[in-house]
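In: 3D model of this:
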Amino acid sequence: ICRARAGTCVPHIEPSRSASAAAFVVFDDHRRGNNHPYAFKTTDGGKTWTSLVTPDVQYFLQTIAQDPVNPNLLFLGSEFGMYVSFDGGKRWMLWRGLPRVPVRSILVHPRDKDLVIGTHGRGAWILDDVRPLEALAADPSLVGQALHLFSIPPAIQYREGQVPGPRFTGDAMFLGKNRPYGALLTYSVEAPTGSSAASAPPASAAPSAPDTMATIQVLSGDSVIRTFKGPAHPGLNRTAWPLVRDGFREPRNPEEEQQRPPQPEGVLPPGPDVLPGEYTVRVAFHGDTATGRVTVSPDPRITVSEADRRANLALILRAVGDNHVSAHALGYPVLKVRWLAVLFGGGDSGQQFIILELRLPRSLTGALASPSLAEGTGVPQYPAVLMTAHDVLDDLVGETFTTLIAERVPRQVLDGHGEESGQVAWDCLVRLTRG
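Out: So this is what the prediction gives:
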């Protein structure tokens, strides 16, 4: 096959994923002082071999892998990093998002489309979702478009539990980052002439200047349900939509603003989870727009009917969203909105709490605690409870006080019963403030 001496090591043979008579092989003779790279391909069952080494490939090689979808997408592991080819090995580019360490094993996961890389000395690395690379190998002209949104992989809703072991390890334990929760969005912005956008991993959603931020909208039908920002650097960019709707408008809170970065202009905080289904994603940057579709699937471990999911979402939007806007209209600043699920002894006895935290005059705090108001809700089965944090208020003499208005909603409400209790709770507050 090659000019290497007899006895040269063969670290890897890769059968082709697309043709039965095709295969790849790499040789390694560095133990005898020969650091030359050797990589070959056959398309006739081994009768003839073609070298895949170009001047861009340096030092001896360890492994080679072919993408299971696009045969022109190849990955080459060397003693000093990994190379990628979009044209079947005619040209190679060094992958600069990976340390220059020995790459001993490469695999494209057939189900998740993730690139798994095993190194010697720097652990295992995973590049989430190589579908954009498959698309570039099929049509390299995509990077020349002003803006292009690549195919969006299906997204699955799930909840994470507490794992065994220490909860707060500090620097005592290294943990790699998981794949971002939600729908993974990858899009390209036209790169300057002469640059190689695909030679580096996609840019993550790190803080960026306003002129390098794209506006991303998620639509359910024709309605925009979520707007947020994403990076828009020349080349490939990546961010994630965490499968939520727009949240509710929040007033300025100087104390919290010092502890967290401010929301970009025109972007609301994240809100409740979306329903499983099909959604449209629209990316806009400097007058250009690209759209795509994404499928959101429910957590397969949890069985909840579509009717129950819709009732739950409707309750949140009405009890929290409408009340939140009404609080602003009444002239009292809303400090915080919280949606809590507190479970006692199992799912059937769980209770949902919707909490609005308002800043009201002290003259109202005593009236809100009156038991007669709670008794006058007219909903004895699902009472609306008005609470004030008196223990805290007593320590804040002379200050403006904070009042919590909470709606206690048993789990049965999610089945469509007793939804009027939320409105009753808010009617109590409206009568007090207007009186």
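In: from N35, how far out is K177?
Out: From K177 across to N35, the span is 34 Å (CB to CB, to the nearest Å). For glycine as for every other residue, the C-beta is placed from the backbone atoms N, C-alpha and C.
In: ok, those two, which is more surrounded?
Out: N35 (12 against 8; other CB atoms under 10 Å).
In: confirm D211 sits in a helix?
Out: Yes - remark: D211 belongs to a helix, assigned using DSSP: H, G, I helix; E, B strand; the rest coil.
In: dig out what the nearest residue to G266 once chain neighbours are set aside forms beta bridges with.
Out: Spatial nearest neighbour of G266, chain neighbours left out: T227 (6.7 Å); criterion: CB to CB, 6 or more residues apart in numbering. Here T227 sits in beta bridges with Q217, going by DSSP bridges.
In: do the same with V189
Out: Under the criterion used (DSSP bridges), V189 bridges to L147, G235.
In: now the strands: where do they sit in the stretch 1-150 of the chain?
Out: 9-15, 23-28, 38-42, 50-51, 61-66, 74-78, 81-85, 93-94, 103-108, 115-119, 124-127, 147-149 (DSSP state E, counting those that start in this stretch).
In: so for stretch 280-293, mean pLDDT?
Out: On average, the pLDDT along stretch 280-293 is 95.
In: would you mark the buried spots in it?
Out: Neighbour counts using 16 or more other CB atoms under 10 Å place V281, R282, V283, F285, A290, G292 of stretch 280-293 among the buried residues.
In: okay, how far is it across it, tip to tip?
Out: Here the two ends of stretch 280-293 are set 5 Å apart, with distance taken as CA to CA, to the nearest Å.
In: count the residues that sit near G33.
Out: G33 is flanked by 6 other residues according to other CB under 10 Å.
In: oh sorry, the question was meant for D114
Out: Neighbour count for D114, taken as other CB under 10 Å: 15.
In: okay but it is in contact with L127, surely?
Out: Yes - at 6.5 Å, D114 counts as touching L127 under the criterion of CB atoms under 8 Å.
In: now the helices for the chain?
Out: Taking DSSP state H as the test, the helices found in the chain are 131-138, 254-257, 306-316, 323-330, 362-368, 371-375, 390-393, 420-434.
In: any idea which of these scores lowest on pLDDT?
Out: Lowest mean pLDDT within the helices of the chain: helix 390-393, a mean of 32.
In: any regions of the stretch 101-250 of the chain where pLDDT drops low?
Out: Where the stretch 101-250 of the chain drops to pLDDT under 70, the residues are 162-173, 191-210, 249-250.
In: again, only this time at 50
Out: The stretch 101-250 of the chain contains residues with pLDDT under 50 at 196-199.
In: returning to that earlier point: can you say which of the strands of the stretch 1-150 of the chain is nearest to D211?
Out: Closest of the strands of the stretch 1-150 of the chain to D211 is strand 147-149, at 14.5 Å (criterion: CB to CB).
In: what's next to that closest one, contact-wise?
Out: Residues outside strand 147-149 that contact it (CB atoms under 8 Å, 6 or more residues apart in numbering): 142, 185-190, 214, 281, 283-285, 288-292.
In: of all the residues in that strand, which ones are buried?
Out: The neighbour-count check on strand 147-149 (16+ other CB under 10 Å) flags L147, H148, L149 as buried.
In: and if you look at stretch 55-66?
Out: Burial within stretch 55-66, assessed by neighbour count using 16+ other CB under 10 Å, is assigned to V57, Q58, F60, L61, Q62, T63, I64, A65, Q66.
In: and if you look at stretch 129-142?
Out: Going by neighbour count (16+ other CB under 10 Å), the buried part of stretch 129-142 is D129, V130, R131, P132, L133, E134, A135, L136, A137.
In: now do that stretch: distance from first to last residue.
Out: Counting by CA to CA, you get 17 Å between the two ends of stretch 129-142.
In: got the end-to-end distance for stretch 218-238?
Out: Termini of stretch 218-238 sit 16 Å apart (CA to CA).
In: now swap in stretch 177-190 and tell me
Out: First residue to last in stretch 177-190 (CA to CA) measures 29 Å.
In: can you mark which positions in it are buried?
Out: Neighbour count says stretch 177-190 has P180, Y181, G182, A183, L184, L185, T186, Y187, S188, V189, E190 buried, by 16+ other CB under 10 Å.
In: ok, stretch 48-55 next?
Out: The neighbour-count check on stretch 48-55 (16+ other CB under 10 Å) flags W49, L52, V53 as buried.
In: on that earlier part again, now the two most distant members of the buried residues of stretch 177-190.
Out: Between any two of those (CB to CB), the greatest distance is 29.4 Å, for Y181 and E190.
In: residues of stretch 32-41 that come out buried?
Out: H36, P37, Y38, A39, F40, K41.
In: number of nearby residues for the closest residue to A65 other than its chain neighbours?
Out: In space, and not counting its chain neighbours, A65 is closest to I106: 3.9 Å by CB to CB, 6+ apart. Neighbourhood size, I106 [other CB under 10 Å]: 22.
In: then T43?
Out: A count of nearby residues for T43, using other CB under 10 Å, gives 14.
In: I'd assumed S18 was in contact with it.
Out: No - if you go by CB under 8 Å, T43 and S18 don't touch, sitting 10.5 Å apart.
In: need the residues touching each of those two.
Out: By CB under 8 Å, 6+ apart, no residue touches both T43 and S18.
In: the residue nearest to A65 against T119, yeah?
Out: No - counting by CB under 8 Å, I106 does not reach T119; the two are 10.1 Å apart.
In: closest to V274 out of the buried residues of stretch 129-142?
Out: Checking these against V274 with CB to CB, the nearest one is D129 at 20.3 Å.
In: need the contact list for the closest one.
Out: D112, K113, D114, P153, L184, T186 are the contacts of D129 under CB under 8 Å, 6+ apart.
In: if you set the cut-off to 7 Å instead, what comes out?
Out: D129 sits next to K113, D114, P153, L184, T186 when contact means CB atoms under 7 Å, 6 or more residues apart in numbering.
In: got it, and P264?
Out: P264 is in contact with M213, K229, counting by CB under 7 Å, 6+ apart.
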